[in-house]
Structure formats: structure tokens, C-alpha cells
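Peer 1: Build me a structure from this.
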Amino acid sequence: MKAIQLIEPNVLIEKNLPNPTPSAGEVVIKVKSVGICGTDVGIYRGNMEVKYPIVLGHEFCGYVVGIGDGVTNVKIGDYVISEPSWGCGVCYYCQRGTPSYCCEPRMYGRTCDGALAEYVKSPARIIHKIASYIQPIEAQSVTSIATALRGIKRSNLKVGQSVVIQGPGYSGLNLAQLAKISGASPVIVTGTRDTRLELAKQVGADVVVNVNETNWQNKILEATNGRGPDVVIEATGRPDAIPQAIDMVKMGGTILVFSVTNGVVRELQAVKLYQKDISLIGNKGGYFEYGNAIEFLESGIIKEREMVSHTFSLCDTPQAFDFAINNKSEVMRSVILFD
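Peer 2: Predicted coordinates for the structure are as follows:
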């Protein structure tokens, strides 16, 4: 099969690899689409530890074409998505029902080959069927929706509460949509690019704020009755957004750090956590939210096609990564589509 291997940082090559064969409890999926997310780009650039060579790609959909012994939840021909990682099943955390904290997690594109290939092998227990009317260009979004949904729940955002989403990127706009669906009001999105802020309006944001403008903080205070938002969700990937969130959140508010960054948070005045009685929490993955994410997508109440800015073929994957790095202002979401 054709596959795209990362052989060292910033070097992707096309390779012919053996077709995967399912063992007991496994399935083989013929891949139809793969979304390229910020984690993929970070791995590509060498910012995360992997064992080379590795096939990237962990947000994908496709059709089941092979089934190992003991698989009963799917059959040949089913249209499915896969969770991007899974626990070992035997460590302290897995045995207590928290596989997101697994001591030795299995992760596509990190510890095992991912979906930037014609076929990929997956444990059947992390496979979910999806309606045939959802196009592959949209179906690849399930992981992002699930992760955002878990983040909304982790933030304990309640109906009628105000929320600021920092960063109108792909994940940020999924968070904004889910916050709106959850009954938050107003939903405020902050960023630096007017084109993305306009897209945030299109998918449901009540207020958008460009943080490059003078006195932008006043717009947030005006929208939140002078108190600041109940919840701030950091989705920029910039460490300096966290002190900014601490400054803007209301007394007794909550900050959810959603994005993944290896950067160092500087000039964080820890005394403000005490003075404002703030809850500062993280979010890791979308465990146990994939079924809910699929239902949201199938219902049509969450918009995904509008946020796909670029599509590429499998053989053009190296160019897709280069384009994403060199054209950050243009790329919202790139998707690899298969014939």
C-alpha cells in the first residue's frame, strides 16, 4: 500500500508498505480522509518524541475491509471513524476507567503507524460507526469535536454563563459552536485575524474581538456586564494567552487550558489565582465523547465543512504540511482526501 512516512523532522516520503493484517480484536480500515491537526504539524517539526520512521495521521474515517477473530461490533463495509489513541488496559489508570492517563498509551502517529496510508489497522474497541450521509471531508472531524466536547464539560460551563474562546482556529471554533449549543451566552471569540473572526460569527459566536485593537478588553467587559467572563477557554497554543485569561476571567471564574503547547508560561502572577479565586484546569483528549460527537455531526447542528480551507491528495501530503507551516494565516483545516 502507499503510505507517507516521517523519517526525520520535516522529511516526509512516500513509501510502499505491506498491507496490514488484523489480529484478534482488530480491524483494517480503508482510509477515505485524514484531517491534519496542530499535533501532526508539531510531530512533523520534531516538537514531540516519536520513533522514526512513522506514518502520521490520527483523525480519519474509512470503510472496514478486514476483521480479526472475535470482532462483533462492526462488519465488512461499515463506514467508521477511530479514536486516535487508546490505553494499555492493564495499568493503574486504565483499570480505574481513566485511559486518557494511561502510563503507556498507544497513539496513531506517535507510537504506531497512523492513517496517512491507504489502509490502517485499529483495535475494534475504539471504532465507531458513522452515518453514510456524512461525507469524508466532514467525518474526519469527529476527534476534534469529541475533544472539544470533553473540554466544554471539563470547564463546567452552564446555561446562561458567558464564555471567551481565545483563538479562532479549528478547535477554537468547534469549542465556540459547542458552547453555543450548550446554552452559553454570550459566546465571545478573541483572535488576531479578522477573516477567522468573521468565520467565528458564521458558526455562531455572539461577539468577536480582535486583540490587536486598542482597549479590546473593554469590549469583553461590556459584553459581560463589567465582570468578565464566567469561563475562558484557551485555544491559541500560545503560552502568553494564559496570563491574559487570568486577567480577563471574572472573580471565581474558570480557565480551561485546551491547547497543546511545549512553551513556558512566563510572568504568571500566581497571587491572582488566590485573589480572584480562579479554577485553572487542563483537558486531555476526547475519551468517552466520541459517540456524542458523532451524534452532533449527524444531526447537522455543528458546522464542519465550512471550516475546511484546503484539501490535498495522499501523494501531495508533504506539500500539505509545508503549506500549513508557511501559510498559517490561510489554513484553517487541511484534509487529505483519498480516491
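
Peer 1: Do you have the strands of the stretch 201-339 of the chain handy? List them.
Peer 2: With strands called from DSSP state E, counting those that start in this stretch, the stretch 201-339 of the chain shows them at 207-210, 231-234, 254-257, 279-282, 310-312, 334-337.

Peer 1: Report back the residue of this structure that's furthest from centre.
Peer 2: Q275 (32.4 Å; Cα atoms, centre = their mean).

Peer 1: how close does that residue get to V257?
Peer 2: 19 Å (Cβ to Cβ, to the nearest Å). Using the backbone N, CA and C atoms, a C-beta is placed for each residue, glycine as well.

Peer 1: Just say which of the strands of the stretch 201-339 of the chain is most tucked in.
Peer 2: Greatest average neighbour count among the strands of the stretch 201-339 of the chain goes to strand 231-234 (a mean of 28), per mean count of other Cβ atoms under 10 Å.

Peer 1: Show me what that one is packed against.
Peer 2: helix 142-155, strand 163-166, helix 170-181, helix 241-248, strand 254-257 (3 or more Cβ pairs under 8 Å, 6 or more residues apart in numbering; DSSP states H and E).

Peer 1: which residues make contact with it from outside it?
Peer 2: 151, 155-157, 161-167, 172, 175, 179, 184, 241-242, 245, 248-249, 253-259 (Cβ atoms under 8 Å, 6 or more residues apart in numbering).

Peer 1: Please repeat the previous calculation with a cut-off of 6 Å.
Peer 2: 155, 157, 163-166, 175, 241-242, 245, 249, 254-259 (Cβ atoms under 6 Å, 6 or more residues apart in numbering).

Peer 1: Also stretch 54-62?
Peer 2: Contacts for stretch 54-62 (Cβ under 6 Å, 6+ apart): 3, 5-6, 29-35, 37, 40, 81, 84, 108-109, 113-117, 136, 139-140, 143.

Peer 1: so how far is the first residue of it from its last?
Peer 2: Criterion Cα to Cα, to the nearest Å; first-to-last residue distance in stretch 54-62 is 20 Å.

Peer 1: Likewise for stretch 202-212?
Peer 2: 21 Å.

Peer 1: who touches it?
Peer 2: In contact with stretch 202-212 (Cβ under 6 Å, 6+ apart) are residues 173, 176-177, 180, 186-190, 192, 197, 200-201, 216, 219, 223, 303.

Peer 1: quick one, what contacts V71?
Peer 2: By Cβ under 6 Å, 6+ apart, the contact list for V71 reads A124.

Peer 1: One more: A24?
Peer 2: A24 makes contact with 68-70 under the criterion Cβ under 6 Å, 6+ apart.

Peer 1: buried subset of these?
Peer 2: G68 (16 or more other Cβ atoms under 10 Å).
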